[in-house]
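In: how would this look folded up:
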Amino acid sequence: MKKSQKPTDNIPEKIHKRLHIIYFILKCVLAATIFLMFWGAAVIAFEKIMGYDIPKSGTEESPFLFHQYCGTFFVEFDRANSFASNADYSAYLEKMNTPEVKTAAEKVKGYLEFIPSAVLIAALILALRSGDKKRIFCGRAWRYFLVGGILYAFGNIYIYLNTNIIKGISRFDGMTSVFTQRRQYFQIYDILGLPFIMISGAFVLLMYEKQLQNKDTAGVSKTLKAISAVIIAGSAGFVLWRLGVRTYELIRVMSGDEYSVWLPFTIMESPEKYMCRLPFEEAVSPAAYRNVVLFRYLRDLPVFAMSAAALWAFVRVLLNNAKGELNTPRNRKLLRNAILLLIVASLILNISGLYETGLFDRSFNGIFGNTTYTMAYRAKTDPAIFALLLWFFGTYLQAIPEKEQND
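Out: Take a look at the predicted model:
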């Protein structure tokens, strides 16, 4: 008996091709992740079979330990710049390379913690597959975006608290470098940015579904307005906090105080997030220290401004969606402007980073006198990441039948 064909949405072919690309990107990311996990497991198994004992962190013969990332540069940790003596370095290696012994309860907890991640991955696959199969609306894809976004938000908050506050960062214990002095850093756009875009997208799709069925949209409209308010409040708080702190630090340094500013450190492969002191005492001169702080402030100011303008454009789209205005020329223009602003901000950040590394190397002794350039996405601070996410959002928005809207 022939299977009955499932109904599909009437989506323009140009938009469907973009939806296919988005789903293809997800499949590539998942395939690469699975391959790397399999490769890591295969290497560990090979080591055990062959009787090799490869340490997790450095050796007596190889002094390199790891990198830490701050925006567009990273610093390297090794025996020379992080330990008072060879004995301290040996003790550190022994501690870091000692196998971690987990209790049965800890193993069970680890397995349980994987469940939300598995559900999130499944939700993402189903949500993006619905676009690839032209079943966004008839397949009610908004449910997958909503479940995935909520799980992602709570999962990120839990991981941040567990890694940075409950357990704390221990890789620097036993070192003498400035990185033993750290402060907490809640990088809100990395922790909650993508989850809120997913949740917002879910309610935009639900709004259209309600319109299609001639149902009351008041509840969805209120939810979109509430989401917009939360995004504005959280983002404004973060920007004012960071901009206020940076301005205060700049005033202190430029006024001649021997004051050390704090830099945020993050890395894509790890949930570790913290602030580290940029030591005034390691600068080659007070003037050199002032030049570094002033350059970073002037470089980041337009990035702050453009990112804030892009965020406001996105919120305006959500507020228009709350009024029932979905795939309109005005909303498409707002999203294009937001994406363009983020791309320009990304270019400013990444290109100026080439000069920044040289400035650090000329201005500091010690660990900050030997920096290496990297793209900002490695530290999860690149505005281009959110330009790509807004393009995803805009593509799903344009899958909704177009409605002309007067400005």
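In: now stretch 7-14: mean pLDDT?
Out: Averaging the model's pLDDT scores along stretch 7-14 yields 88.
In: give me the contact list for that stretch.
Out: Contacting residues not belonging to stretch 7-14 are listed as Leu19, Lys133, Lys134, Arg135, Ile136, Phe137, Cys138, Gln398, Ala399, Pro401 [C-beta atoms under 8 Å, 6 or more residues apart in numbering]. Placement of C-beta: from N, CA and C, glycine included.
In: pull out the buried members of the residues you listed.
Out: Leu19, Lys133, Lys134, Arg135, Ile136, Phe137, Cys138, Gln398, Ala399 (16 or more other C-beta atoms under 10 Å).
In: and of those, the nearest to Thr180?
Out: Set against Thr180, the nearest of these by C-beta to C-beta is Leu19 (48.6 Å).
In: if we can go back for a sec, nearest to Leu334, of the contacts of stretch 7-14?
Out: Gln398 (12.9 Å).
In: quick one: the closest one and Leu326 touch, right?
Out: No: Gln398 lies out of contact with Leu326 (C-beta atoms under 8 Å); the separation is 9.4 Å.
In: which residues are common contacts for those two?
Out: Joint contacts of Gln398 and Leu326 (C-beta under 8 Å, 6+ apart) do not exist.
In: in the stretch 151-300 of the chain, which spans are helices?
Out: For the stretch 151-300 of the chain, the helices defined by DSSP state H, counting those that start in this stretch occupy 188-212, 218-254, 286-322.
In: most packed of the ones you listed?
Out: Among the helices of the stretch 151-300 of the chain, helix 188-212 has the highest mean neighbour count (mean count of other C-beta atoms under 10 Å), at a mean of 21.
In: does Val261 touch Met275 like I think?
Out: No: counting by C-beta under 8 Å, Val261 does not reach Met275; the two are 9.6 Å apart.
In: okay, the two: which has more neighbours?
Out: A count of neighbours by other C-beta atoms under 10 Å puts Val261 above the other of Val261 and Met275, at 21 against 17.
In: how about the contacts made by the closest residue to the more buried one other than its chain neighbours?
Out: Among residues not flanking Val261 along the chain, Glu249 sits closest, at 4.2 Å (C-beta to C-beta, 6 or more residues apart in numbering). Residues counted as contacts of Glu249 (C-beta under 8 Å, 6+ apart) are Tyr259, Val261, Trp262, Val293.
In: same thing with Arg143?
Out: By C-beta under 8 Å, 6+ apart, the neighbours of Arg143 are Ala202.
In: do you know how far it is from Thr217?
Out: Distance, Arg143 to Thr217, using C-beta to C-beta, to the nearest Å: 17 Å.
In: what's the answer for Ala310, then?
Out: As judged by C-beta to C-beta, Ala310 and Thr217 stand 27 Å apart.
In: again, but for Ala387
Out: For Ala387, the distance to Thr217 (C-beta to C-beta) stands at 29 Å.
In: ends of stretch 204-223, how far apart?
Out: End-to-end span of stretch 204-223 (C-alpha to C-alpha, to the nearest Å): 10 Å.
In: offset the numbering so it begins at 328, please.
Out: Yep, numbering from 328; the last one is stretch 531-550 now.
In: so Phe404, which state does it fall into?
Out: Look at Phe404: counting by DSSP: H, G, I helix; E, B strand; the rest coil, its state is strand.
In: skipping adjacent residues, who's closest to it in space?
Out: Nearest non-adjacent residue to Phe404 (C-beta to C-beta, 6+ apart): Leu392, at 4.3 Å.
In: now do the strands in the stretch 628-734 of the chain.
Out: Using DSSP state E, counting those that start in this stretch, the strands of the stretch 628-734 of the chain run over 698-700.
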